[in-house]
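Visitor: build the 3D model from these lines:
(2 chains)
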There are 2 protein chains.
Amino acid sequence: MTELGKGAEFDLIRALRARWGKLAVGLGDDASVLAMTRGDRLVVSVDAAFDRVHFRTDWFSFREIGYRAITAALSDLAAMAARPTGVLIALALPRNDERELLEIADGIADAVSAAGTVIVGGNLARADVLSLSTTVLGEAHAPLGRAGVQQGDLIYVTGELGGPRAALRALSGKQAPSPALRQRLVRPVARIAEARWLAGNGAVAAVDVSDGLAADAGHLAAASGVGIELRSDAVPVFPGATPDDALAGGEEFELLVASRAPIPIADFVQRFGVPLTLIGAATRGEGVQLLRDGERVAPPTGYDHFST
Amino acid sequence: MTELGKGAEFDLIRALRARWGKLAVGLGDDASVLAMTRGDRLVVSVDAAFDRVHFRTDWFSFREIGYRAITAALSDLAAMAARPTGVLIALALPRNDERELLEIADGIADAVSAAGTVIVGGNLARADVLSLSTTVLGEAHAPLGRAGVQQGDLIYVTGELGGPRAALRALSGKQAPSPALRQRLVRPVARIAEARWLAGNGAVAAVDVSDGLAADAGHLAAASGVGIELRSDAVPVFPGATPDDALAGGEEFELLVASRAPIPIADFVQRFGVPLTLIGAATRGEGVQLLRDGERVAPPTGYDHFST
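Guide: Numbering: from 1, shown residues only, chains lettered A, B, ... in the order given. Below you'll find the model as predicted:
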């Protein structure tokens, strides 16, 4: 690890390196050098989280804020069926509070460890508002995109949906969510191993559920030039959430995948201890059609930062 | 290019893709897929720019803000003698102003084109303050780090220094800097080709001058476990700047390199049209010693976001 010079910023970086230990690789030069794996392809993505837009410091601990920011970014790699090889974090802090910084660092470490990856770069800046911008690097033999869904393909979703939205509703109403709902909100899981298994067992396209199931199904449909029909009564609902939470709630980080042939659900559940549910099919046409008791209903809209 | 779904955020991304054309690669999936070059190593870095910390919208146009943010990040790759292969940009906007966004986008395109690279990913978020977090990816056969300077190595710097600091001083005093000084501030150049040539012509370690010449020499010294003596009267000063500007001014994005043998300066100047100047040597001990008329003087301190 490169020795750092003097100064308050380097002192903070030293504190981070000490906190992260072997999870931090190559911080200290102008850039970090990584080995490439022959034959695989590099898969990259960036995601950002800002205080009062993507999280609130009165609802989440600093450790949870760090964990969620990294997990949200890693989930985009999972959606591509890529194996993470490193993350870079641009952290902006409103004050020089080393305790807060190290709590965020511990949350980052939780997420990085859970994904079996390392921290390969970062930047510290002073700004008015706390934010984390996370770049994830990964590799994949055969990355899964959003395009490639064909008419007749089967649509599956991992996990149970609606928990984060139900927990946020409770917090918005100044009520404590149940421990299970709160845990679902603050400790989502990037489905990295699950995605790679699904890619090896029939999945032809995937997206992670970050905007909301109906909205993300719309992204899959638009990218593939097909329609998608979802049976809303088939969508698995997290205990304590409503069916509407399951359709509209974002930041689930579950996987929505399309497959030409049936996926062996029991094998998936046995291997990962996570539900996998057939919830619809790709059709002719465009957009998402939601069927409730066999009748078409209007899909809810996902959260869009730039809507008026 | 993956088709995008509906919504105001996708409309902005569509506008960006239209604006960038062939400069944008693979935006639209959860992550972007890049080919890897066999034999080279992946070099990565992240940098962030926040309004009122790293720039001011009353001093810079939006196009200049976009250009400078990307160039600052690319300069970290240059310091490693890496060839850029792509950039990812997390952009946070305080309002839904497509004109501002596209001006920033044009500045990003200017910097990306100048470096011969492409945009491979991004994220758009609404936030209270304009910011750009830029991740750069590159590849290098033999990356140049900050460590590896040995006692007796010669220390060189590219370009003429102090211009950005002199321009900022004028702006701080509500005066217009000269056109040449303003241009030097708003259109710095990442020394990418220069760095690769230097790596092939004797350079053994490098850093880009982003904190200030004396401060960055300190980073090189700390990383290498040596002292560095700089002859302040040898440091090339940008016309209109002072010798102190040249020692203390940041955001130069020139290269400070160490070499075991003399570098053929005339070849460098002829090839790039940029000065290359021998300004000192590595010594026993630690830290930076500044010699003025043969006498030791205290080095100025560079800008440190986290100093009190």
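Visitor: lowest-pLDDT helix or strand in chain A?
Guide: strand A:32-34 (a mean of 72; mean pLDDT, DSSP states H and E).
Visitor: please tell me how far that strand is from the chain's geometric centre.
Guide: Between the centre of strand A:32-34 and the centre of its host chain there is 24 Å, according to Cα atoms, centre = their mean, to the nearest Å.
Visitor: angle of the helix or strand following it against strand B:41-50?
Guide: Counting by DSSP states H and E, the next helix or strand C-terminal to strand A:32-34 is strand A:41-50. Orientation of strand A:41-50 against strand B:41-50 (axes from the mean of the first three to the mean of the last three Cα atoms, to 10 degrees) gives an angle of 20 degrees.
Visitor: one step back: just checking, what packs against the least confident helix or strand of chain A?
Guide: Contact partners of strand A:32-34 among helices and strands, from 3 or more Cβ pairs under 8 Å, 6 or more residues apart in numbering or on different chains; DSSP states H and E: strand A:83-93, strand A:119-126, strand B:41-50. C-betas here are computed from N, CA, C, even on glycine.
Visitor: just the buried positions in stretch A:181-201, please.
Guide: Of the residues in stretch A:181-201, those with enough neighbours to count as buried (16 or more other Cβ atoms under 10 Å in any protein chain shown) are A:181-182, A:184-186, A:188-192, A:194-199.
Visitor: greatest separation within those: which pair is it?
Guide: Pairwise distances across these (Cβ to Cβ) peak at 31.8 Å, for the pair A:182 and A:199.
Visitor: please give me every residue in contact with residue A:97.
Guide: Taking Cβ atoms under 8 Å, 6 or more residues apart in numbering or on different chains as the criterion, residue A:97 is in contact with no other residue.
Visitor: what about it, distance to chain B?
Guide: For residue A:97, the distance to chain B equals 11 Å [Cβ to the nearest Cβ, to the nearest Å].
Visitor: could you check how many residues crowd around residue A:239?
Guide: By the criterion of other Cβ atoms under 10 Å in any protein chain shown, residue A:239 has 12 neighbours.
Visitor: residue A:130: what's it in contact with?
Guide: For residue A:130, the contacting residues are A:50, A:51, A:57, A:65, A:92, A:93, A:94, by Cβ under 8 Å, 6+ apart.
Visitor: one more time with 7 Å, if that's ok
Guide: Residues near residue A:130 by Cβ atoms under 7 Å, 6 or more residues apart in numbering or on different chains: A:51, A:92, A:93, A:94.
Visitor: do the same with residue A:229
Guide: For residue A:229, the contact set (Cβ under 7 Å, 6+ apart) comprises A:280, A:281, A:283, A:289, A:291.
Visitor: do that again at 10 Å, thanks
Guide: A:155, A:217, A:221, A:279-283, A:285, A:288-291, A:296 (Cβ atoms under 10 Å, 6 or more residues apart in numbering or on different chains).
Visitor: contact partners of the least confident helix or strand of chain A?
Guide: Residues beyond strand A:32-34 that count as contacts (Cβ under 10 Å, 6+ apart) turn out to be A:2, A:24-26, A:42, A:85-86, A:88, A:118-122, A:137, B:41-46, B:76, B:80, B:82, B:137-140, B:142-143, B:145.
Visitor: in its sheet, what does it sit against?
Guide: Here the strand partners of strand A:32-34, with direction, are listed using DSSP bridges: strand B:41-50 (antiparallel).
Visitor: quick one: the helices in the stretch 51-200 of chain A, in order.
Guide: Remark: helices of the stretch 51-200 of chain A, listed N- to C-terminal, are A:62-79, A:98-114, A:163-172, A:179-186, A:192-200; assignment by DSSP state H, counting those that start in this stretch.
Visitor: which of those sits most buried?
Guide: Ranked by mean neighbour count under mean count of other Cβ atoms under 10 Å in any protein chain shown, the helices of the stretch 51-200 of chain A are led by helix A:62-79, which reaches a mean of 26.
Visitor: pick out the residue of the stretch 151-300 of chain A closest to chain B.
Guide: Nearest to chain B, among the residues of the stretch 151-300 of chain A, is residue A:222, at 3.8 Å (Cβ to the nearest Cβ).
Visitor: what's the burial count for that residue?
Guide: Residue A:222 has 23 neighbouring residues, counting by other Cβ under 10 Å.
Visitor: my guess is residue A:168 contacts residue A:185. True?
Guide: Yes. In terms of Cβ atoms under 10 Å, residue A:168 counts as a neighbour of residue A:185; the distance is 6.6 Å.
Visitor: shared neighbours of these two, anything?
Guide: Residues within reach of residue A:168 and of residue A:185 at once, by Cβ under 10 Å, 6+ apart, are A:59, A:177, A:249, A:251.
Visitor: pull the most distant pair out of those residues.
Guide: A:59 and A:249 (15.6 Å).
Visitor: more neighbours: which of those two?
Guide: For residue A:59 against residue A:249, the residue with the higher neighbour count under other Cβ under 10 Å is residue A:249, and the figures read 28 against 16.
Visitor: need the pLDDT of the more buried one.
Guide: Here the pLDDT value assigned to residue A:249 is 95.
Visitor: quick one: contacts for it?
Guide: By Cβ under 10 Å, 6+ apart, the residues touching residue A:249 are A:161-169, A:185, A:209, A:211-213, A:238, A:241-242, A:300, A:302-303.
Visitor: mind redoing it with 7 Å?
Guide: With the criterion set at Cβ under 7 Å, 6+ apart, residue A:249 makes contact with A:161, A:162, A:164, A:165, A:212.
Visitor: and for residue A:103?
Guide: The neighbours of residue A:103, taking Cβ under 7 Å, 6+ apart as the test, are A:61, A:62, A:63.
Visitor: let me see the backbone angles for the first one.
Guide: Read it as residue A:61. The phi and psi values for residue A:61, taken as degrees, to the nearest 10, are phi -70, psi 160.
Visitor: excluding sequence neighbours, find me the nearest residue to it.
Guide: Counting by Cβ to Cβ, 6 or more residues apart in numbering or on different chains, residue A:103 is the residue found nearest to residue A:61 once chain neighbours are left out, at 6.8 Å.
Visitor: how near is the one you found to residue A:109?
Guide: 11 Å (Cβ to Cβ, to the nearest Å).
Visitor: kindly report the same for residue A:281.
Guide: Counting by Cβ to Cβ, the gap between residue A:281 and residue A:109 amounts to 41 Å.
Visitor: show me where pLDDT drops low in the stretch 1-150 of chain A?
Guide: Residues of the stretch 1-150 of chain A that meet the criterion pLDDT under 70 lie in A:1, A:26-28, A:35-39.
Visitor: quick check: residues of the stretch 151-300 of chain A near chain B?
Guide: A:207, A:208, A:218, A:219, A:222, A:223, A:225 (Cβ under 7 Å from any Cβ of the partner chain).
Visitor: which of those sits closest to residue A:13?
Guide: Each of those was checked against residue A:13 using Cβ to Cβ; the closest is residue A:208, at 30.9 Å.
Visitor: wait, that closest one sits on residue B:29?
Guide: No. The pair formed by residue A:208 and residue B:29 falls short of the contact definition of Cβ atoms under 7 Å, at 10.9 Å.
Visitor: about what we covered before: narrow the contacts of residue A:229 to those in helices?
Guide: A:217, A:221 (DSSP state H).
Visitor: out of the contacts of residue A:229, which end up buried?
Guide: Applying a neighbour-count criterion of 16+ other Cβ under 10 Å, the buried members of the contacts of residue A:229 are A:155, A:217, A:221, A:279, A:280, A:281, A:282, A:283, A:288, A:289, A:290.
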